[in-house]
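> One predicted model, sequence on top.
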Amino acid sequence: MPIATGNSVSAEQQLAFLRRISRILEEGKFTSTYKFAMLLALTNVAVTQGDDSGKSLDVDLDDVAREFVKLYWGMARPYPGLGDELLLQNQEKKKRAKLVTLVAAHSVKSHGKHTRHRKYAPSAASLISQTRQTITKDVLYRLQNVGPTKNCETTKADRFIYDHPPDASRCTRLKAITLKPGVAACMRSLRGVIAAMVQARWAQWVREHNPSLGTDRGLEGFMFGADRTPVRAYADWLYELQNGRCFYTNAKISSPAAGEVDHFIPWSRYALDEPVNLVLASKRANADKSDHIAGSEHLLVWAERNAALQLPEEVAGHIARGAVPATWQTARSVAAWMYEAAERDGVQAWESIGEFGELDGRWRRCLAAG
């Protein structure tokens, strides 16, 4: 797999791109939260499928739909303290947003053992198809519209992300879009900033349309997946896979419960909450590594493990975040993006407890070996 070695878009181009994203957030008309999801979904696709060359990027809308499902998955359940109520994600108080309804129904079906997991696969394909239809009908031609409104329509469309037909009926026929030259590179370089901006505005919108929440500080964690408790379900499997040893230090762990499930690609950098990104670590190592990126020696072990990884049926049956589990190809693309940015920015990599080191080109060879 080729690894990108530089970013072709200048700092000035990135700043101009960020200003246009900000304009969408500040001046766009939001009757639902779909536009927020669209911006995050496209940015995630740019990370997993794009590069830093500045070239245009063809994007399959089914892949965008999968990102939508992941984003709404955690929100399609009752909010703590509101009884059985889901957070309102659209302005129609008597009618829940279609995507939330779709995902909520699907998430109930997806819980459980592998016997349910097999039945869940056909409905997952249907969920992706229905989600794509909603995106093409309700989001594609509206996302880039900004400015004053008249008769419920915006007066200006700044199509700097992608081109599209001018109305919903023709957009519904689309199966793919093309991100314009420089867009994928900007999204990859600015992902942390874009995600922070969009998530803050999304949470603000939800607060404004769910007045019973007040200033509840737990909202952002609920919406964007800060609750990592479900990954504990993988502890037994990881303990066996790692022969009862800490992934980072190789120290013996007395039992699965004595270790902690860690996100190798830190959750704070990219939310990849599935087996391909999980390792079992001692509590001391996990606390010390925290949200740092791991050094090249750990990266090589992780890459070699995932290249040969086969999930047992009982593990596959636990997967519930999104319709399709993340593959090693996806995880490797995210890792390449993360390590490229870290090396460019001079980020220190965690090597062992209390020890950090400079990144060098070895990380590329580590990912290529996986």
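Looks like it arrived, so ask away.
> From here on, just use CA atoms for contacts and neighbour counts.
Fine.
> Please report how far Gly218 lies from Pro80.
From Gly218 across to Pro80, the span is 9 Å (Cα to Cα, to the nearest Å).
> Could you do Phe160 as well?
Counting by Cα to Cα - Phe160 and Pro80 are separated by 39 Å.
> quick one: low-confidence ranges for the chain?
Scanning the chain with the threshold set as pLDDT under 70 gives 1-7, 107-122, 148-156, 226-229, 314, 316-326.
> Show me the strands in it, by range?
Assigned by DSSP state E, the chain shows strands spanning 57-60, 145-150, 153-157, 176-179, 259-263, 278-282, 348-352, 355-358.
> These: which one's closest to His164?
Across the strands of the chain, the minimum distance to His164, taken as Cα to Cα, is reached by strand 176-179, at 7.6 Å.
> Packing partners of the closest one?
Secondary-structure packing of strand 176-179 (3 or more Cα pairs under 8 Å, 6 or more residues apart in numbering; DSSP states H and E): strand 57-60.
> Just the CA coordinates for the strand it packs on, please, in CSV.
C-alpha atoms of strand 57-60 as CSV (Å, rounded to 0.1, in the frame of the first residue of the first chain):
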residue,chain,number,x,y,z
LEU,A,57,-11.3,11.9,-5.0
ASP,A,58,-14.2,9.7,-6.2
VAL,A,59,-16.5,8.8,-3.3
ASP,A,60,-19.0,6.0,-3.3
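> Tell me the buried residues in it?
By neighbour count on 16 or more other Cα atoms under 10 Å, the buried set for strand 57-60 is 57-59.
> Redo those residues as CSV? Include distance to Tyr34.
Formatted as CSV, the buried residues of strand 57-60 follow (distance: Cα to Cα, whole Å):
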residue, distance to Tyr34
Leu57, 22
Asp58, 21
Val59, 18
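> Which residue ranges make up each domain of this structure?
Domains of the chain are assigned by automatic domain parsing as 11-224, 229-369.
> Distance check, Met223 against His164.
Met223 sits 30 Å away from His164, going by Cα to Cα.
> neighbour count winner among these two?
Met223 (21 against 16; other Cα atoms under 10 Å).
> wait, isn't the more buried one in contact with Arg77?
No: the pair Met223 / Arg77 is not scored as a contact, 10.1 Å apart, by Cα atoms under 8 Å.
> picking that back up, for Phe160 and Pro80, work out which one has more neighbours and name it.
Of the pair Phe160 and Pro80, Phe160 is the one with more neighbours under other Cα under 10 Å, namely 15 against 12.
> Surely that one and Thr178 touch.
No: taking contacts as Cα under 8 Å, Phe160 lies outside contact range of Thr178: 11.1 Å.
> which non-adjacent residue is nearest Arg23?
Closest residue to Arg23 apart from its sequence neighbours, by Cα to Cα, 6 or more residues apart in numbering: Val146 at 7.1 Å.
> count of neighbours near the one you found?
21.
> Tell me how far it lies from Trp205.
Distance from Val146 to Trp205, by Cα to Cα: 17 Å.
> Please apply the same query to Gln144.
18 Å.
> Looking at these two now, which is surrounded by more residues?
Between Gln144 and Trp205, counting by other Cα under 10 Å, Gln144 is the more crowded of the two (24 against 19).
> what sits against the more buried one?
Contact analysis of Gln144 by Cα atoms under 8 Å, 6 or more residues apart in numbering lists 24, 28, 157-161.
> Which among the residues you listed count as buried?
24, 28, 161.
> Just give me the closest of the residues you listed to Leu174.
Within these, proximity to Leu174 (Cα to Cα) peaks at Ile161, which comes in at 15.8 Å.
> What number of residues are in the vicinity of Phe68?
Using other Cα under 10 Å, Phe68 has 25 other residues around it.
> contacting residues for it?
Here Phe68 is in contact with 37-38, 41, 131 (Cα under 8 Å, 6+ apart).
> go on, Asp167?
By Cα under 8 Å, 6+ apart, Asp167 lies in contact with Tyr141.
> Please report how far it lies from Val139.
From Asp167 over to Val139 the distance is 11 Å, taken as Cα to Cα.
> cool, Ala37 as well?
Counting by Cα to Cα - Ala37 and Val139 are separated by 10 Å.
> now swap in His209 and tell me
From His209 to Val139 the distance is 19 Å (Cα to Cα).
> Give me the more crowded residue out of these two.
In this view His209 and Val139 are compared by other Cα under 10 Å, and Val139 has more residues nearby, 21 against 18.
> is it true that that one touches Thr33?
No: using Cα under 8 Å as the test, Val139 is too far from Thr33 to be in contact (9.9 Å).
> buried stuff in stretch 256-269?
Neighbour-count burial for stretch 256-269 flags 256, 259-267 (criterion: 16+ other Cα under 10 Å).
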